[in-house]
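Asks: model the structure of this input:
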Amino acid sequence: MKIGYLGPKGTFSYEACREYCKDKQEMIEYKTIPETILALENMEIEEAIVPIENSLQGCVTDALDTLIQNEDIKVKDELILEIKQNLMANSNLSLKEIEEVYSHPQALAQCKNYLETNLPKAKIIPVESTAFAAKKVSESSKNIACIGNIACLEEYNLKLIQKNIQDNNFNKTKFWILSKSESKKTTKNKMSMLFSVKDKPGALYKVLEIFNKYNLNLTKIESRPAKTVLGEYIFLIDVLIGASQEELAIEEIKEKNIFVRILGKY
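Replies: Residues are numbered from 1 along each chain as shown. Got it, this is the predicted structure:
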């Protein structure tokens, strides 16, 4: 089985994919999250693993937006990865010697206070992944550094300047395992779904009221622009399930002529 992830080697997506695969599947790297999901849509791979939410930065919008646009893709499972950010360079630089710092925008945001306090004069440069930043630093002779996964140390032969520099130690990322088939888990306790409502007073409340009626616990609600008309949104929700009450709720929502799409039960 081929499983896609956001590469190159050394990203947190790579670490999550390794944890999920247990070296039993072939891992295929892609340059961006949308490319990873589209590879699944085009059947280049059988599954994809993508970050969907970070405990500090919230929803990963390009993952969610790409999922919304590709209706055949299902959420098969989820994986939670603890995120530790580390400052690395190609030589044993002091903090004062570092002129530029490269990393993914989310990693930079997670270390914002550290950077402002310890590297106020360094130029902060966002790139497409933490591993790409590590690769760039490893190939440079300049006094530059990167922020990323500790796995990049060995992968790109870097030097550790300082470990665990994230501003908040409660830093976790939720990854979704995506497939074109539904989860085969015998016990499913969560459902992820999309719905949209008309832009009028009380429209969202009327949908949420149905979940309350069936005593269903919503653990997440996120909105994204529908990209059709200004003011129209698509909502993503996670619902705890177990007693089949969610089916009754979904049917009642559909009876109101509301768009509903089940991303997956897992």
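
Asks: what about the helices in the stretch 101-250 of the chain?
Replies: For the stretch 101-250 of the chain, applying DSSP state H, counting those that start in this stretch gives helices covering 105-110, 112-118, 130-138, 151-155, 203-213, 245-255.

Asks: quick check: buried residues in the second one?
Replies: Going back to what we said before, that points to helix 112-118. With burial defined by 16 or more other CB atoms under 10 Å, the residues of helix 112-118 counted as buried are 114-115, 118. (C-beta placed from N, C-alpha, C; glycine too.)

Asks: now render those residues as JSON lines, adding pLDDT and distance to residue 184.
Replies: JSON lines is the format used below for those (pLDDT from 0 to 100; distance: CB to CB, whole Å):
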{"residue": "114", "pLDDT": "96", "distance to residue 184": "43"}
{"residue": "115", "pLDDT": "97", "distance to residue 184": "44"}
{"residue": "118", "pLDDT": "97", "distance to residue 184": "48"}
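
Asks: got those as TSV, with distance to residue 36 columns?
Replies: As requested, the buried residues of helix 112-118 are exported to TSV (distance: CB to CB, whole Å):
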residue	distance to residue 36
114	29
115	28
118	33
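
Asks: pretty sure residue 50 sits in a helix.
Replies: No - Residue 50 is assigned strand when assessed by DSSP: H, G, I helix; E, B strand; the rest coil, not a helix.

Asks: ok, now which ones touch residue 3?
Replies: The contact partners of residue 3, by CB atoms under 8 Å, 6 or more residues apart in numbering, come to 17, 20-21, 25-28, 45-49.

Asks: pLDDT below threshold where in the stretch 151-266 of the chain?
Replies: Flagging of the stretch 151-266 of the chain using pLDDT under 70 yields the residue ranges 229, 231.

Asks: most neighbours, which of the contacts of residue 3?
Replies: residue 48 (31 neighbours; other CB atoms under 10 Å).

Asks: returning to that earlier point: quick one: which of the helices of the stretch 101-250 of the chain is nearest residue 175?
Replies: Closest to residue 175 of these, according to CB to CB: helix 105-110, at 13.3 Å.
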